[in-house]
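# Quick check, what structure comes out for this input:
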Amino acid sequence: MSGPQRHGGVLGIDVGGTKVALHAEAPGRPAYDRTFRWPRGAADPADDLTVLAVEVDRLLDRWGPVDAVGVAMPATTDTGGTVTTWPGRPGWAGLDLTGALRRLFPDAATAVADDGDLAALAEARCAGADDVVYLGVGTGIGGGVVLAGRPVPGRSSA
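So this is what the prediction gives:
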């Protein structure tokens, strides 16, 4: 059984404490790359999401539709997609990130994962290793574990 035919691309969003990177790809189209900084100051999630919405509109206007969106970020989310903790932008705690992504991308499949878990998985696949412990140092320190080829996400204390 096949679903509806899609013509959009895939979008990866790397959300950080100070900046965000967008990368979109689709067959037959040049890739789209854009990086922007979050507004300075108190890190109000409403202000941040407004800036993200402007950038998403720019992407859709200049590049075209997307069918799937993957978001990597250093925050902890619960199983429903609500941010439970993010030391880099503490105002995001309690934000329904899944709902915000649905509003930004109503016609696309969306998923969110911890950037350390995703980096560990990428390193494991690149190295051809089934088991990896990854430690990343950037604006903060994070990491991830891959066992038997599958990421092992940490647990939220919230």
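# where along the chain do the strands fall?
For the chain, the strands defined by DSSP state E occupy 9-15, 19-26, 29-37, 66-73, 76-77, 83-85, 109-114, 132-137, 141-147, 150-151.
# quick one: contacts for Asp14?
Residues in contact with Asp14, defined by C-beta atoms under 8 Å, 6 or more residues apart in numbering, are Val20, Ala21, His23, Ala72, Met73, Asp115. Quick note: C-beta positions are derived from backbone N, CA and C, even for glycine.
# rerun that using 10 Å as the cut-off
Contacts for Asp14 (C-beta atoms under 10 Å, 6 or more residues apart in numbering) come out as Val20, Ala21, Leu22, His23, Thr35, Gly70, Val71, Ala72, Met73, Pro74, Asp115, Leu118.
# Just name the closest of these to Pro87, please.
Pro74 (8.3 Å; C-beta to C-beta).
# In the chain, which helix is the longest?
Longest helix of the chain, by residue count under DSSP state H: helix 45-62.
# buried ones in that one?
For helix 45-62, burial by neighbour count (16 or more other C-beta atoms under 10 Å) applies to Pro45, Asp48, Leu49, Leu52, Glu55, Val56, Leu59, Leu60.
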